[in-house]
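# I would like to see how this sequence folds:
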Amino acid sequence: MHGLMQDHPLLVSSLIRHADRHHGDSEIVSRTIEGPIGRVSFRVLHARARRLANALQRLGIGIGASDRVATLAWNGQRHLEIYLAVAGMGAVCHTVNPRLFRDQIGFIINHADDSYVFFDLTFAPLVEALRPQCPRVKGWVAMTDAAHMGAVPAGCLCYESLLEAESDAFAWPELDERLAAGLCYTSGTTGNPKGVLYSHRSTMLHTFAIALPDSLSISARDVVLPVVPMFHVNAWGIPYVCLMTGAKIVMPGAALDGESLCELFESEGVTFSAGVPTVWLGALQFLKSKGRRLSTLKRIMIGGSACPPALMQAFEDEYGVEVLHGWGMTEMSPVGTVSQFKSKHMGLGRDQKRAVKAKQGRALPVVDLKIVDGEGRELPWDGTTFGDLLVKGPCIASAYYNEPQSPLKDGWFPTGDVVTIDADGYIKITDRSKDVIKSGGEWISSIDLENIAVAHPAVAEAAVIGVKHPKWDERPLLIVQRRDGAAVTREDILGVYDGKVPKWWIPDDVVFVESLPHTATGKLLKTQLRRDFADHRLPGA
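Reported below is the predicted structural model:
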């Protein structure tokens, strides 16, 4: 027997319809790339999204056809309009990370077979270089007005001109909720980046979950500034939550330094923000150097990398800002856990509470998790036994876009993290089973760096490990075994990375050794290297 409930699909378009109807006068405030601060209501945002949907249709994007439309853009009003219009009409909003190396970006656009690419003025030089690499892209749209088109390559379309030519009369179609709505690529340890394809259903369920009091606890009384970029897993889903709850949104654009962010916090009355530890270290340094206070900011979410205890302590003790610690993955939509207290913790002392918050937290209601040993046997939740973390749920990837092999193991997604789980369900990440390095919330592939180093004629073998860094959490250290009789310097080795990887991927230091340790099967024994170089001090750290 089925329930007798109305059958309406869970669609991204329902968020902007709800925001318009029930929170139409709520604002989205954006620091634009052109300079001034822009302000529109959710009602105007909705009308502009409908104009954009008409423009996309005129450009040949079909209703419900799942055409891919890419963005190279910062957090701003226009970017959110693209989120809504593209997904709402049944196409796929493909957010591209502009911090990746140009060849990786070209691969991603081609692999996704993007029809159009929308870009902020910041990325005009990148677009000029990318266009010859992406012959199947039908058009490139500059996210600006006609007055600023002189700064973009010839032949590009103008965003505001497209909207001006259209009516805002557009009815969002009734779609299958399992239709794809978003696409984001994540880099692994080897090979090319892989695409994670979100559905309307998964996006909506994730939005409900992170809005809960034991998650991000966002309401219509909040003013929210997502520092986490919209090109990285939908800014952790925060723009969707703001539309659902009616919270005012403040978009920082490209200015993510401590001074610029703190200026927006104060001028717009921000109560909640989210970003990686590096961002908060910058904000903290600015506040301390200028003797400033934060009069409205109440809570910040820190994810992407483990939150340094000193950072949490400084915000909570010196500035009265609560720190929420979280964990997730691109493949998880992305939030998986948030470290919120249970009632039993409320009577604990400050240090005991902080020990709870130092963990990555409890699973969202749409996430199930377990830890297993090397043979796949499930391990106990005792807070001390560590194992490989596996997850499953309706917001977690079952496969990668255009990849034949599923990553699942008996229906569970292997996260690549090694964790403990305590009796209350709080996870604590202790290591990574993969060898990627996480620097400032972004992944760096150790194997890619090793392959480039080994290509140098003087290098016999090379290994790259992550070394602790006070600002970036981790930075890559390159460990090199020279070829017999070869002479090569640190500068010679680092020079081979120029033009091959993004500058922020380049190792901070090089150490020369007589030999590298190996396992019985001939693999590099990186656990030993991490122990041997645990105390290595990087230049300038």
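# Would you report the backbone torsion angles of Ile210?
Dihedral angles of Ile210 (phi, psi; degrees, to the nearest 10) stand at phi -80, psi -10.
# I'd assumed Leu364 was in contact with it.
Yes - under the criterion of C-beta atoms under 8 Å, Ile210 makes contact with Leu364 at 6.9 Å. All C-beta atoms are positioned from the backbone trio N, CA, C, and that covers glycine.
# who touches both of the two?
335, 338 (C-beta atoms under 8 Å, 6 or more residues apart in numbering).
# Where does pLDDT dip in the stretch 401-541 of the chain?
For the stretch 401-541 of the chain, applying pLDDT under 70 flags the ranges 431-434, 436, 519-523.
# Helices of that one, start to end?
Remark: helices assigned in the stretch 401-541 of the chain by DSSP state H, counting those that start in this stretch are 446-454, 490-495, 526-532.
# Mind putting those helices into JSON lines with distance to Arg39 and mean neighbour count?
Formatted as JSON lines, these follow (distance: least, C-beta to C-beta, whole Å; neighbours: other C-beta atoms under 10 Å):
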{"stretch": "helix 446-454", "distance to Arg39": "43", "mean neighbour count": "20"}
{"stretch": "helix 490-495", "distance to Arg39": "46", "mean neighbour count": "14"}
{"stretch": "helix 526-532", "distance to Arg39": "49", "mean neighbour count": "15"}
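# want to throw those helices into TSV with distance to Pro507?
Output for these, formatted as TSV (distance: least, C-beta to C-beta, whole Å):
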stretch	distance to Pro507
helix 446-454	6
helix 490-495	7
helix 526-532	13
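# residues near the residue nearest to His79 when sequence neighbours are not counted, how many?
Distances taken as C-beta to C-beta, 6 or more residues apart in numbering put Ala73 closest to His79, at 4.5 Å, once the chain neighbours are dropped. Using other C-beta atoms under 10 Å, Ala73 has 27 other residues around it.
# how much space between Ala73 and Val127?
Computed as C-beta to C-beta, to the nearest Å, the Ala73 to Val127 distance reads 11 Å.
# intersection of neighbour lists for the two?
Phe119.
# and the residue nearest the centre of the chain, what does it touch?
Compute the mean C-alpha point of the chain, and by C-alpha atoms, centre = their mean the closest residue is His232, 3.2 Å away. Neighbour list for His232: 95, 97, 184, 330 [criterion: C-beta under 8 Å, 6+ apart].
# most surrounded residue in the residues you listed?
Ranking the contacts of His232 using other C-beta under 10 Å puts Cys184 first, with 25 neighbours.
# Specify the local secondary structure of that residue.
At Cys184, secondary structure determined by DSSP: H, G, I helix; E, B strand; the rest coil is strand.
# ok, it touching Ala235?
No - counting by C-beta under 8 Å, Ala235 is not a contact partner of Cys184; they are 10.8 Å apart.
# what is in contact with those two at once?
Joint contacts of Cys184 and Ala235 (C-beta under 8 Å, 6+ apart) do not exist.
# And the helices of the stretch 401-541 of the chain: which comes nearest Gln352?
Of all those, helix 526-532 sits nearest to Gln352, with 29.9 Å by C-beta to C-beta.
# Which neighbouring elements make contact with the closest one?
Applying 3 or more C-beta pairs under 8 Å, 6 or more residues apart in numbering; DSSP states H and E, one finds that helix 526-532 contacts strand 459-469.
# buried stuff in the strand it packs on?
When burial is assessed from 16 or more other C-beta atoms under 10 Å, strand 459-469 yields the following buried residues: 459, 461-467, 469.
# Ala423: how many residues sit nearby?
Ala423, neighbours per other C-beta under 10 Å, totals 9.
# tell me the strands in the stretch 251-400 of the chain, going along the chain?
Applying DSSP state E, counting those that start in this stretch to the stretch 251-400 of the chain gives strands spanning 272-275, 299-302, 322-328, 335-338, 362-363, 368-372, 386-392.
# Just send those back as TSV, with mean neighbour count and mean pLDDT too.
Output for the strands of the stretch 251-400 of the chain, formatted as TSV (neighbours: other C-beta atoms under 10 Å; pLDDT from 0 to 100):
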stretch	mean neighbour count	mean pLDDT
strand 272-275	26	97
strand 299-302	25	96
strand 322-328	22	95
strand 335-338	27	98
strand 362-363	22	98
strand 368-372	18	97
strand 386-392	21	93
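# Quick one: closest of those to Gly195.
Of all the strands of the stretch 251-400 of the chain, strand 322-328 comes closest under C-beta to C-beta, at 17.3 Å.
# From the contact counts, what lies against that closest one?
Using 3+ C-beta pairs under 8 Å, 6+ apart, strand 322-328 is in contact with strand 299-302, helix 309-313, strand 335-338, helix 350-357.
# do you know which of these lies nearest Ser217?
strand 299-302 (7.6 Å).
# Please name the spatially closest residue to Glu160 (chain neighbours excluded).
Nearest to Glu160 is Asp145, by C-beta to C-beta, 6+ apart, at 4.1 Å.
# Please disregard the earlier target; I meant His46.
Nearest non-adjacent residue to His46 (C-beta to C-beta, 6+ apart): Asp20, at 4.1 Å.
# How about Trp381?
Ile421 (4.3 Å).
# Do you have the helices of the stretch 151-300 of the chain handy? List them.
With DSSP H, counting those that start in this stretch as the criterion, the stretch 151-300 of the chain has helices spanning 159-164, 200-211, 238-245, 258-268, 277-290.
# Let me know which of these is tucked in deepest.
Among these, helix 238-245 has the highest mean neighbour count (mean count of other C-beta atoms under 10 Å), at a mean of 26.
# what comes into contact with that helix?
For helix 238-245, contacts defined as C-beta under 8 Å, 6+ apart pick out 12, 15-16, 18-19, 23, 42, 80, 83, 203-204, 206-208, 210-211, 216, 218-220, 222, 224, 226, 228, 230, 234, 247-249, 274.
# one more time with 7 Å, if that's ok
15-16, 18-19, 80, 83, 203, 207, 210-211, 216, 218-220, 224, 226, 230, 234, 249, 274 (C-beta atoms under 7 Å, 6 or more residues apart in numbering).
# Could you do stretch 131-138 as well?
By C-beta under 7 Å, 6+ apart, the list of residues contacting stretch 131-138 from outside reads 60, 106, 109-110, 113-117, 140.
# All set, thanks.
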